[in-house]
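Enquirer: Here is the input, now give the coordinates:
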Amino acid sequence: MRVPYYGRGRKIPSPRLVAAWLKIDNLAAERVPLWAAHWIADGHDGEALRTLAGLDGSDTREVRDVLPAALNDARAPIPDDLRSAVNAVYDDLAALHLADQVDAEWLIAQVEQFMVSSDWHDAYHEPPLGSLYGLHDEWEAGWGRPRNELAALVRQACMEQVGQASATPG
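Expert: Residues are numbered from 1 along each chain as shown. Model (predicted):
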């Protein structure tokens, strides 16, 4: 995924979300120093966080070496549990979709990528967004259900993911 939706004109991911991305090994490490600078501007502080913000991101190993301590400075330690990290990432993706910041096709592709890169680990299947696995081929190839029906399934899974299952799909 490499978090393409956090760029120019888009929100800066929270330290907790970045900690989750690090746990699931899906982090755009080259972008983290910029985000760390924003976290400092938002009131977080600490020696490791300042060090991270001062890096240029070109040496992603250096970023990854400093990142755990910087996340601790920001009171966002790396989750111990893979399931909680996956849920945090899925919650964010669902919220982005419900806010019309990412479309259904893109979201389905991200879930597909997570499943494949995790070797189909149960932690990726269990949350509501995990139910979207397998829809990518149907969407991409154009066989099966119409896209508007697939989009409605995506929206429903997103609402369930963020705890709005009783909301009316629109």
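Enquirer: Name the residues of the lengthiest helix in the chain that are buried.
Expert: Looking across the chain with DSSP state H, the single longest helix is helix 82-98. Within helix 82-98, the residues that qualify as buried are 82, 85-94, 96-98, counting by 16 or more other CB atoms under 10 Å. All C-beta spots, glycine's among them, are computed from the backbone N, C-alpha and C.
Enquirer: and of these, the nearest to L34?
Expert: Nearest to L34, judged by CB to CB, of the buried residues of helix 82-98 is D92 at 18.0 Å.
Enquirer: And that closest one, how far from S117?
Expert: 17 Å (CB to CB, to the nearest Å).
Enquirer: before we move on, what about V86?
Expert: Computed as CB to CB, the V86 to S117 distance reads 12 Å.
Enquirer: joint contacts of these two?
Expert: The overlap between the contact sets of V86 and S117 (CB atoms under 8 Å, 6 or more residues apart in numbering) is empty.
Enquirer: returning to what we had before: what average pLDDT does the longest helix of the chain get?
Expert: Confidence over helix 82-98, taken as the mean pLDDT, stands at 95.
Enquirer: those helices in this protein, which residues are they?
Expert: Under DSSP H, the chain gives helices at 15-23, 32-41, 47-53, 60-73, 82-98, 104-117, 122-125, 135-141, 147-161.
Enquirer: Tell me which of these sits most buried.
Expert: helix 15-23 (a mean of 22; mean count of other CB atoms under 10 Å).
Enquirer: Quick one: residues in contact with that one.
Expert: 3, 13, 27, 32, 35, 39, 44, 64, 67-68, 71, 74-79, 82, 84-86, 88-89, 92.
Enquirer: How is this structure divided into domains?
Expert: 15-73, 90-161 (automatic domain parsing).
Enquirer: weakest of those domains by average pLDDT?
Expert: domain 90-161 (a mean of 92).
Enquirer: What is the end-to-end distance of it?
Expert: 7 Å (CA to CA, to the nearest Å).
Enquirer: Rebuild the buried residues of helix 82-98 as JSON lines, extending it with distance to L52.
Expert: Output for the buried residues of helix 82-98, formatted as JSON lines (distance: CB to CB, whole Å):
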{"residue": "L82", "distance to L52": "24"}
{"residue": "A85", "distance to L52": "20"}
{"residue": "V86", "distance to L52": "24"}
{"residue": "N87", "distance to L52": "25"}
{"residue": "A88", "distance to L52": "20"}
{"residue": "V89", "distance to L52": "20"}
{"residue": "Y90", "distance to L52": "26"}
{"residue": "D91", "distance to L52": "24"}
{"residue": "D92", "distance to L52": "21"}
{"residue": "L93", "distance to L52": "24"}
{"residue": "A94", "distance to L52": "28"}
{"residue": "L96", "distance to L52": "24"}
{"residue": "H97", "distance to L52": "29"}
{"residue": "L98", "distance to L52": "31"}
